[in-house]
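Enquirer: Just a sequence and a predicted model for now, questions to come.
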Protein chains: 4
Amino acid sequence: MIVVIKKNQEKKQVDNLINWIKGLGLNVHLSEGENSTVLGLVGDTTKVDIDLIRTLDIVESVTRVQEPYKNANRKFHPSDSIIDVGGHKFGGRHFQIIAGPCSVESEKQVIEIAQAVKKAGATVLRGGAFKPRTSPYSFQGMGVDGLKLLKKAKAETGMPIVSEIMSEEHIDDFDGVDIMQVGARNMQNFDLLKRLGRLKTPILLKRGIAATIEEWLMSAEYIMSEGNPNVILCERGIRTYETYTRNTLDLSAIPILKERTHLPVIVDPSHASGISRLVKPMSLASVGAGADGLIIEVHNDPVHALCDGAQSLRPDQFDDAVQAVRRMLPVVDKELDA
Amino acid sequence: MIVVIKKNQEKKQVDNLINWIKGLGLNVHLSEGENSTVLGLVGDTTKVDIDLIRTLDIVESVTRVQEPYKNANRKFHPSDSIIDVGGHKFGGRHFQIIAGPCSVESEKQVIEIAQAVKKAGATVLRGGAFKPRTSPYSFQGMGVDGLKLLKKAKAETGMPIVSEIMSEEHIDDFDGVDIMQVGARNMQNFDLLKRLGRLKTPILLKRGIAATIEEWLMSAEYIMSEGNPNVILCERGIRTYETYTRNTLDLSAIPILKERTHLPVIVDPSHASGISRLVKPMSLASVGAGADGLIIEVHNDPVHALCDGAQSLRPDQFDDAVQAVRRMLPVVDKELDA
Amino acid sequence: MIVVIKKNQEKKQVDNLINWIKGLGLNVHLSEGENSTVLGLVGDTTKVDIDLIRTLDIVESVTRVQEPYKNANRKFHPSDSIIDVGGHKFGGRHFQIIAGPCSVESEKQVIEIAQAVKKAGATVLRGGAFKPRTSPYSFQGMGVDGLKLLKKAKAETGMPIVSEIMSEEHIDDFDGVDIMQVGARNMQNFDLLKRLGRLKTPILLKRGIAATIEEWLMSAEYIMSEGNPNVILCERGIRTYETYTRNTLDLSAIPILKERTHLPVIVDPSHASGISRLVKPMSLASVGAGADGLIIEVHNDPVHALCDGAQSLRPDQFDDAVQAVRRMLPVVDKELDA
Amino acid sequence: MIVVIKKNQEKKQVDNLINWIKGLGLNVHLSEGENSTVLGLVGDTTKVDIDLIRTLDIVESVTRVQEPYKNANRKFHPSDSIIDVGGHKFGGRHFQIIAGPCSVESEKQVIEIAQAVKKAGATVLRGGAFKPRTSPYSFQGMGVDGLKLLKKAKAETGMPIVSEIMSEEHIDDFDGVDIMQVGARNMQNFDLLKRLGRLKTPILLKRGIAATIEEWLMSAEYIMSEGNPNVILCERGIRTYETYTRNTLDLSAIPILKERTHLPVIVDPSHASGISRLVKPMSLASVGAGADGLIIEVHNDPVHALCDGAQSLRPDQFDDAVQAVRRMLPVVDKELDA
């Protein structure tokens, strides 16, 4: 970490700062120039509160040289992490497609969709049981009953399952769920992250709606530093001023994450735009950007069926998108699970 | 709610949509024009899932005429809500200043600061015990012990106290805390909001880092719809592209909230900018915009004292800011508690 | 256009508004409901000032049913526009790669790069002569002399050329330039757009740094409504809070534009990120999203050569990226010019 | 400027960089640590292209110690600039209110409004003649005829006048206009800025819709470096994700600018929100934040008069707002011109 001190500061204040930093167990290299004094902090700077130093009146600027994350950092773990989910691998040359209904609604619905998406090439089944909704008056999901139906579909089809967890209090109910998803709104629910860090279940960590890449990796670090190394990152769009799409899918984040971290990264093209017609092109774009997988909503419920639309794909549209993804994978040297 | 149907849609699909809406217990007024068909939905539309309708392929656009929040809505509660905190009133012509340390660090620290801010004009004491930190390696607060020290300061000074709650699991520890704060990162932690809605303790609901005003009011609605009417909103800056300040304080939100809701609205000028020199001018700006109070960080801890800076104010700087606020209040027809 | 009137407004004020709208040559369909009065405006509403109506006190909301752009609108021109640039076609199943140096620096430099990119598969040569720089103290480009060198490279290689124009006063100097580029900062320099609209030269219109898709199409409309139908849109990243990349490439804009407009859309993956390592993956992602071409910076100048980096690609890196693009094009049913 | 080199780089590449920097006339202080090599650049670094260095592969990070602006920098001009406009002073303890119609529409209109706003306390008359409009089909202003009417109002009332210039080609028409306004969309129209820099007329430089504070000051620097020191900055709201207001007024920018630059800073509370009810509270907030003045739209045209609304104030509302501003000025130690 490089701390630049403003010009003409009292020596006593600078010394106080240096002593305080040394008190944290770090060495300080002092370099005094004509225009500025520069402190180089040497040692494990992940424990230094950069915001605190930045706001001191004698400080001009602070620059991290070392990233503030360790477990998630590719520097300390150069090869890709491969995370196994019921025999399906995330990371490396593997490519996985997770698919299923937005919300679990009935046994028939979830099993029918599961069979359809499996046939098209999906390897993991998704389904919402606890639904985070902006309004308290919107449908909040079937809860524990939804999880039970999802587990029935797992038993029926052999597909591993993923569902969103919204509170530490539901952890026991997720026994048998293969991937626990942390939604965008809970990406910085630190108590939940720490609790999930004490499990071994793979965690699908969605990017917060206005999270920086670094904040996102720090949330992964919360889980990993508690002992759970199985984190799969999921880009799902960030909030911008543009209103044609619900969120702006940030695909540049994929190659950047691939440099910074060894964790697998997948993309949710359904939620980002909120427009089903965009799912196919944005799936192909995700493959191009280097993603390790996709998570796609597929429906067969009456309203959608009647009116033909929404962010979810019909099974036939899903099949079409998967076929295009298959054709593209060799170009980026990836392979879809058999 | 006004639903505009695209041109040249099949009558059957439009009829399906109308029947589905009627199934939700609403009436539909149909108006067919040359270029478009318009459906007017009449009844309690708070329960309609606007996102679902918006994504249907036959729908051109959906416009809410009625806001999706009821309990927080000024239309149904025209006069200002006045929320009493230990004899100090938030809302109406009242103006309150909450002050105290960012983190509770010791009995001596919190009591000394409490006495200093009380003397300067603060009426409520703040102090962080559970600290939401981006990094798992940063100080996470003193936790339950911090709350105990805060309660000692309350006993010593008679000031009501406010502290942040981060998990449902800590609710019992907050017994004796006069205001429970929900931080920006938990503004859409819906399980926590629902749980707090079953209390009567006033809730200080900070705006999420990228929350729209409507999403913020919907989070208040989560608390209120469970039975707790005592919500105080707190603007603390939103995330933008500007980097000189940590966040951009959105003061236009104050007069807009004053139109939309009857709830009191206060401003946190310390966190928004992260720069102590901005606290005084932004406090005055908040008064000008019509805020019902301020929450300000005041420190006396060694590092700050040594180096003189950071987002917190020293007690003398706090005193200076409060005096300026006092002079400004008559212009906006408000009064600081004696 | 649908105008929703607030509840309980005076009839006289509503009538005034209706008469004013009729005065613009439009018909008004009035639909009075229990909760709201809805006006449907019928006719050519592109001339209605939506912002003016939206801000009237009696108006609850205004929704456009018809887009505010006509010439750029796919509804009135269903098939793709094909724009010919020196025999190379933009739009439809065609795919073009524009490449060249950020700034023209010398005859040798521009000709060498031109030959290298042509060999790799580029069909159009780019080169900055007038450079928009944030600082008045940064290099402002070679100006007219730069254009001359670019024309020499055109004569030498047979490649059509593209360069940025920053002021109406330079229009004559661009004689012989095959595509005139309008940069992000000038996307709403309306005097410049109108002037370019009176030419027939193809215009490469970059998206403004915080422009909505609709504002961007309205800027295309400025050019087209003056008589120049040859507009090529270029996505180059939008400003967000994320700081790892200079801008956030908005690839969802591609399929949305493909629905809304018949104009060709290309992507600039070099400027968006400002990181050369991202150029290849984001080029592939652009192909996946459905872009009609790419514009890529390629360098061979000493500083870059020595230090090996920057947003520009070296010729061998460019060649590698083009080869990957070639392999991907059949999946999206596009073809690179021979 | 501090350049941090990545670990384990080849000495030859680092030497190449150092030699290149020295070639720019700067000295380089080299500091080699265990984990990183730090270069301190000494001399006039305003001419260094920070983006170029940042993108080199061997560079970890670059931090400016010195701001990239000189003429606008308070470090080199510690006391407030006072800019005289027809005897009315901007800057220091002075406070000015600019008011007038959005667009000049007729002689009667502009003179009536001028007289009304002058009576209420405005000292400078604003009026749009060239109007930057998103749509080519919206009213583009009266142009040169509008300027003539504005000059008539100046002759009639003695008020200095301000109007927006959109192109270098209109400069002669602005003879007799006391302040030339550069709108948000042209803040980085560098050719226009340079041309205005060769005049002595005060320039009202609005902040670009997504401009950082630093970019804004660099645009002021464009004008000042050409010889015109008379720049007045105008905050008018920035683009964010919030949709209740058209733009988000960034009042924290005021105290930050007051530290960074000696130039006067005023606020436009009308355009930022687009809602007339917000003009008064946001005017008071601007005073609290430390602004040197306001620019407010006041109307008396038929549509507005009939329907009562829009972002403009009626003369009586303007009078009410000015009276509140007057009462607040002593708190911030400012004075409204007699």
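Expert: Happy to help now that I have it.

Enquirer: Do a quick rundown of the helices in the stretch 101-250 of chain A.
Expert: Along the stretch 101-250 of chain A, the stretches classed as helices by DSSP state H, counting those that start in this stretch are A:107-120, A:144-157, A:190-196, A:213-225.

Enquirer: any chance of the ones you listed in TSV, with mean neighbour count too?
Expert: Where C-beta positions appear, they are placed from N, C-alpha and C, glycine not excepted. Formatted as TSV, these follow (neighbours: other CB atoms under 10 Å in any protein chain shown):
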stretch	mean neighbour count
helix A:107-120	20
helix A:144-157	18
helix A:190-196	23
helix A:213-225	24
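
Enquirer: Compare those helices and give me the one nearest residue A:70.
Expert: Closest of the helices of the stretch 101-250 of chain A to residue A:70 is helix A:213-225, at 7.1 Å (criterion: CB to CB).

Enquirer: Quick check, residue A:286 in contact with residue A:250.
Expert: No. Applying CB atoms under 8 Å, one finds residue A:286 not in contact with residue A:250, separated by 11.0 Å.

Enquirer: Output the helices of the stretch 101-250 of chain A as JSON lines; include the columns mean pLDDT and distance to residue C:278.
Expert: Output for the helices of the stretch 101-250 of chain A, formatted as JSON lines (pLDDT from 0 to 100; distance: least, CB to CB, whole Å):
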{"stretch": "helix A:107-120", "mean pLDDT": "95", "distance to residue C:278": "31"}
{"stretch": "helix A:144-157", "mean pLDDT": "98", "distance to residue C:278": "38"}
{"stretch": "helix A:190-196", "mean pLDDT": "97", "distance to residue C:278": "29"}
{"stretch": "helix A:213-225", "mean pLDDT": "97", "distance to residue C:278": "13"}
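
Enquirer: tell me the contacts of residue A:25?
Expert: A:43, A:44 (CB atoms under 8 Å, 6 or more residues apart in numbering or on different chains).

Enquirer: What helix or strand is it located in?
Expert: Residue A:25 belongs to no helix or strand when elements are defined using DSSP states H and E.

Enquirer: what's the pLDDT at it?
Expert: We have a pLDDT of 85 for residue A:25.

Enquirer: From chain C, how far off is it?
Expert: 29 Å (CB to the nearest CB, to the nearest Å).

Enquirer: Give the burial count for residue A:201, as a bare number.
Expert: Using other CB atoms under 10 Å in any protein chain shown, residue A:201 is surrounded by 17 other residues.

Enquirer: just checking, it touches residue A:180?
Expert: Yes. Using CB under 8 Å as the test, residue A:201 is close enough to residue A:180 to be in contact (5.4 Å).

Enquirer: any shared contact partners between those two?
Expert: residue A:174.

Enquirer: which one is residue A:236 nearest to, not counting chain neighbours?
Expert: Take residue A:236 and drop its neighbours on the chain: the residue closest to it by CB to CB, 6 or more residues apart in numbering or on different chains is residue A:268, 4.1 Å away.

Enquirer: Which neighbouring residues are in contact with that neighbour, exactly?
Expert: A:206, A:234, A:235, A:236, A:237, A:294, A:295, A:296.

Enquirer: what does the stretch 51-200 of chain A put close to chain D?
Expert: A:60, A:61, A:63, A:64, A:65, A:66 (CB under 8 Å from any CB of the partner chain).

Enquirer: from what I can see the second one touches residue A:6, true?
Expert: No. Using CB under 8 Å, residue A:61 makes no contact with residue A:6, being 9.3 Å away.

Enquirer: Pull the number of nearby residues for the closest residue to residue A:215 other than its chain neighbours.
Expert: Leaving aside its sequence neighbours, residue A:215 sits nearest to residue B:134 (CB to CB, 6+ apart; 5.7 Å). With neighbours defined by other CB under 10 Å, the count for residue B:134 comes to 20.

Enquirer: Flag every residue of the stretch 201-338 of chain A that's near chain D.
Expert: A:210, A:239, A:240, A:241, A:243.

Enquirer: what about 7 Å?
Expert: A:239, A:240, A:241 (CB under 7 Å from any CB of the partner chain).

Enquirer: What subset of those is buried?
Expert: For these, a neighbour count by 16 or more other CB atoms under 10 Å in any protein chain shown gives the buried set as A:239, A:240, A:241.

Enquirer: Spatially nearest residue to the last one, not counting backbone neighbours?
Expert: When the adjacent residues along the chain are set aside, residue A:241 lies closest to residue D:239, with 4.8 Å between them (CB to CB, 6+ apart).

Enquirer: who's in contact with that neighbour?
Expert: A:241, C:210, D:209, D:210, D:247 (CB atoms under 7 Å, 6 or more residues apart in numbering or on different chains).

Enquirer: Which of those sits closest to chain B?
Expert: residue D:210 (6.2 Å; CB to the nearest CB).

Enquirer: Now the closest one. Nearest residue, chain neighbours left out?
Expert: Distance criterion CB to CB, 6+ apart; nearest residue to residue D:210, sequence neighbours excluded, is residue C:210 at 3.2 Å.

Enquirer: give the contact list for the one you found.
Expert: A:241, C:238, C:239, D:209, D:210, D:239.

Enquirer: Report all helices and strands that the helix or strand hosting residue A:60 contacts.
Expert: Per DSSP H and E: residue A:60 is located in strand A:59-63. Here strand A:59-63 touches strand A:2-5, helix A:50-54, strand D:59-63, going by 3 or more CB pairs under 7 Å, 6 or more residues apart in numbering or on different chains; DSSP states H and E.

Enquirer: can we see that at 8 Å?
Expert: strand A:2-5, helix A:50-54, strand D:2-5, strand D:59-63 (3 or more CB pairs under 8 Å, 6 or more residues apart in numbering or on different chains; DSSP states H and E).

Enquirer: Give me the contacts around the last one.
Expert: Residues external to strand D:59-63 that are found in contact with it (CB under 8 Å, 6+ apart): A:2, A:4, A:61, A:63-65, C:309, D:1-6, D:17, D:36, D:50, D:53-54.

Enquirer: Same check on the first one?
Expert: Contacts made with strand A:2-5 from outside it, assessed by CB under 8 Å, 6+ apart, are listed as A:14, A:17, A:36-41, A:53, A:58-63, A:65, D:2, D:4, D:36, D:38, D:61, D:63, D:65.

Enquirer: of the residues you listed, buried ones?
Expert: A:14, A:17, A:36-41, A:53, A:58-63, A:65, D:2, D:4, D:36, D:38, D:61, D:63, D:65.

Enquirer: how's chain A carved up into domains?
Expert: Per automatic domain parsing, the structural domains of chain A span A:2-63, A:74-336.

Enquirer: How far does the longest one sit from its chain's centre?
Expert: Read that as domain A:74-336. Chain-centre distance of domain A:74-336: 8 Å, with CA atoms, centre = their mean, to the nearest Å.

Enquirer: The residue lying closest to residue A:319 once chain neighbours are set aside: what's it in contact with?
Expert: Leaving aside its sequence neighbours, residue A:319 sits nearest to residue A:120 (CB to CB, 6+ apart; 4.2 Å). Residue A:120 sits next to A:99, A:315, A:318, A:319, A:322 when contact means CB under 8 Å, 6+ apart.

Enquirer: pLDDT score assigned to the fourth one?
Expert: If I follow you right, that is residue A:319. At residue A:319, pLDDT is 95.

Enquirer: For it, which residues are in contact?
Expert: Contacts of residue A:319 (CB under 8 Å, 6+ apart): A:119, A:120, A:121.

Enquirer: of those residues, closest to residue D:141?
Expert: Of those, the one sitting nearest to residue D:141 (CB to CB) turns out to be residue A:120, at 56.9 Å.
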